[in-house]
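Student: Following is a predicted model, sequence given first.
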Amino acid sequence: MTRRVYLETYGCQMNVADTELMLGLLGQEGYVATDDPGLADVMLVNTCAVRDNAEQRIVGRMGELKRFKRDGVVLGVVGCMAQRLGARLLDETPYVDLVIGPDGYRALPELIDGAARGRRAADVEFRRWEHYEDLPQVRTTRVGAFVPVQRGCDYRCTFCIVPMTRGRERSRTLADVTNEVRRLADEGVTEVTLLGQTVNSYHDGTHDFADLLRTVGAVPGVRRVRFTSPYPTDFTPRVVAAMAEVPAVCEHVHLPVQSGSSRVLKRMGRRYDRAGFLECVARLRAAVPTMALTTDIIVGFPGETADDFDDTLSLVREVAFDDAYTFRYSPRDGTGALRMPDPVPDAEAAARLERLIAVVRDVARRRNARLVGSTHEVLVEKVARRGGLLQSRTRTNKVVLVDGPLDWIGTYLTVRLTGTTGSTFTGVPVGGRRELAVVG
């Protein structure tokens with residue numbers, strides 16, 4: 001009898017990669033994926049714990065999924081929220097059968113079988129040796145692939161719960177990563193994204209991230225190499241040189257800054273100040289002049305003053321980021337910031353976030369407007385969510401909507417950018433195809 005698994009994913013690209021891993025592992029045991037929880041024998045929610053509102057959304061979703069429970073159907077919480085809360089989730093949500101952290105996926109089939117027989121379980125043990133190299137993955141797309149190269153984090157930023165949900169940093173061997181990329185290339189994948197919590201601190205004991213970029217970028221068939229998320233102080237001269245010299249490495253870096261204030265950065269436990277971050281930006285742009293930069297920014301961190309916030313706004317303008325993910329500070333149990341005095345009132349934090357978003361959008365709009373009329377290579381990824389168009393992406397990570405047949409998906413085109421909403425572009429393939437109106 002066919003068994004069906006329904007799997008929802010929240011959070012970062014690492015969670016997406018872990019979902020592909022779980023689908024592959026369960027596929028070996030005869031499970032097939034379903035998009036309908038009502039048909040599932042197993043429902044799993046792969047969770048994020050970085051911010052409280054993400055956890056609250058997941059708790060609400062679990063309450064919705066419980067209506068699909070029936071005899072023998074298993075409902076499990078996996079991932080970072082499962083790691084953080086552990087067996088507490090079993091006590092607080094009696095309809096949840098399994099709680100499994102990111103290092104416990106190898107035991108999924110056995111734990112699911114036990115839960116179907118009434119044996120609820122939690123597995124949140126850290127396993128520093130676990131990289132899952134021998135387990136298959138079911139890729140959710142063949143256009144590109146996420147390749148985890150490093151798990152965990154040794155940095156102790158005072159706002160961040162990742163070290164408590166992902167454990168200590170450890171890197172896969174360069175040979176294992178390269179073999180996986182070769183297999184992907186043999187299957188027709190031309191773009192790979194290397195994943196790690198601080199990905200450019202990668203070191204397998206012999207090889208560093210520069211070695212990894214050069215080796216992966218030389219795999220036959222690999223046309224684009226991306227990576228996320230790096231840490232500013234880990235851009236060594238060797239890494240920057242590899243980025244400039246390896247043709248496959250894309251001209252985009254997501255470079256989290258978190259704050260533009262040196263005082264706040266110190267309280268956050270970041271290993272750089274404002275000047276150090278700007279120096280990193282300057283080195284990256286000197287090595288790769290066409291580099292696009294995006295970032296993460298937190299407002300309302302405990303003790304952040306109006307002057308500190310103004311420093312953040314001025315940094316956004318000075319760097320001229322192509323885009324930014326912006327957040328209000330979210331208290332997390334077990335982090336150093338939770339004990340800090342001088343919390344920023346919610347209303348003030350919300351007002352600062354609104355101002356920051358306006359500045360980020362204005363800067364991005366001005367940068368993107370200057371690109372209209374220029375020509376770029378794009379990889380066509382999928383059908384866009386609206387407008388009957390196809391979504392594609394430049395090497396600098398700009399999303400471009402094009403009009404064309406479905407068989408363009410997975411192929412490369414040269415396009416001229418014809419318009420922008422300020423974030424998304426429209427484009428036309430070079431060669432006389434009709435131009436597109438801006439989709440707003």
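Tutor: The structure has been received and is ready for your questions. As the structure is a computational prediction, the values presented were derived from the model and not from experiment. Numbering: from 1, shown residues only.

Student: burial of residue 382, as a residue count?
Tutor: Per other C-beta atoms under 10 Å, the neighbour tally for residue 382 reads 13. Heads up, the C-betas are built off the backbone N, CA and C, glycines and all.

Student: And residue 127, by the same measure?
Tutor: Neighbours of residue 127 (other C-beta under 10 Å): 15.

Student: Quick check: it touching residue 102?
Tutor: No - with contact defined as C-beta atoms under 8 Å, residue 127 does not count as touching residue 102 (9.5 Å).

Student: Do I have it right that residue 379 meets residue 412?
Tutor: Yes - using C-beta under 8 Å, residue 379 is in contact with residue 412, at 5.6 Å.

Student: quick one, which of the two is more surrounded?
Tutor: A count of neighbours by other C-beta under 10 Å puts residue 379 above the other of residue 379 and residue 412, at 21 against 15.

Student: Between residue 379 and residue 412, which contacts overlap?
Tutor: Taking C-beta atoms under 8 Å, 6 or more residues apart in numbering as the criterion, residue 379 and residue 412 both touch residue 190.

Student: CA atoms only for the lowest-mean-pLDDT helix or strand in the chain - export them in CSV, please.
Tutor: The least trusted helix or strand in the chain, going by mean pLDDT, DSSP states H and E, turns out to be helix 52-65, with a mean of 91. Extracted C-alpha coordinates of helix 52-65, given in CSV (Å, rounded to 0.1, in the frame of the first residue of the first chain):
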residue,chain,number,x,y,z
ASP,A,52,8.9,34.7,17.3
ASN,A,53,6.3,35.6,14.7
ALA,A,54,7.6,32.7,12.5
GLU,A,55,7.0,30.3,15.4
GLN,A,56,3.5,31.7,16.1
ARG,A,57,2.6,31.1,12.4
ILE,A,58,3.8,27.6,12.6
VAL,A,59,1.9,26.9,15.9
GLY,A,60,-1.3,28.2,14.1
ARG,A,61,-0.6,26.0,11.1
MET,A,62,-0.2,22.9,13.3
GLY,A,63,-3.6,23.6,14.7
GLU,A,64,-5.0,23.7,11.2
LEU,A,65,-3.3,20.4,10.2
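
Student: which helices and strands sit right next to it?
Tutor: Packing partners of helix 52-65 (3 or more C-beta pairs under 8 Å, 6 or more residues apart in numbering; DSSP states H and E): strand 42-47, strand 74-79, helix 80-85.

Student: Could you provide those in JSON lines, with additional columns for mean neighbour count and mean pLDDT?
Tutor: Shown next, in JSON lines, are those (neighbours: other C-beta atoms under 10 Å; pLDDT from 0 to 100):
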{"stretch": "strand 42-47", "mean neighbour count": "26", "mean pLDDT": "97"}
{"stretch": "strand 74-79", "mean neighbour count": "25", "mean pLDDT": "97"}
{"stretch": "helix 80-85", "mean neighbour count": "25", "mean pLDDT": "95"}
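
Student: Tell me which of these lies nearest to residue 152.
Tutor: helix 80-85 (11.2 Å; C-beta to C-beta).

Student: where does this structure have low pLDDT?
Tutor: Applying pLDDT under 70 to the chain flags the ranges 431-440.

Student: domain assignment for it?
Tutor: 3-123, 144-369, 375-429 (automatic domain parsing).

Student: Could you identify the helix or strand that succeeds the helix of greatest length in the chain?
Tutor: Determined from DSSP state H, the single longest helix within the chain is helix 346-369. Scanning forward in sequence from helix 346-369 by DSSP states H and E, the next helix or strand is strand 375-383.

Student: Strand partners (parallel or antiparallel) of that following strand?
Tutor: Strand 375-383 has the following sheet partners, assigned by DSSP bridges: strand 390-394 (antiparallel), strand 412-420 (antiparallel).

Student: chain center to it: distance?
Tutor: 20 Å (C-alpha atoms, centre = their mean, to the nearest Å).

Student: In contact with the residue lying closest to residue 424 once chain neighbours are set aside: list those residues for me.
Tutor: Sequence neighbours aside, residue 399 is the residue nearest to residue 424 in space, at 5.0 Å (criterion: C-beta to C-beta, 6 or more residues apart in numbering). Counting by C-beta under 8 Å, 6+ apart, residue 399 makes contact with 391-393, 423-425.

Student: What residues are bridge-paired with residue 399?
Tutor: Taking DSSP bridges, one obtains residue 393 as the residues bridged to residue 399.

Student: Quick check: it vs residue 385, distance?
Tutor: 11 Å (C-beta to C-beta, to the nearest Å).

Student: list the residues that contact both of these two?
Tutor: With C-beta under 8 Å, 6+ apart as the test, residue 399 and residue 385 both reach residue 391.

Student: For residue 130, which non-adjacent residue is closest in space?
Tutor: residue 103 (4.9 Å).

Student: Can you give me the neighbour number for that neighbour?
Tutor: Residue 103 is flanked by 22 other residues according to other C-beta under 10 Å.
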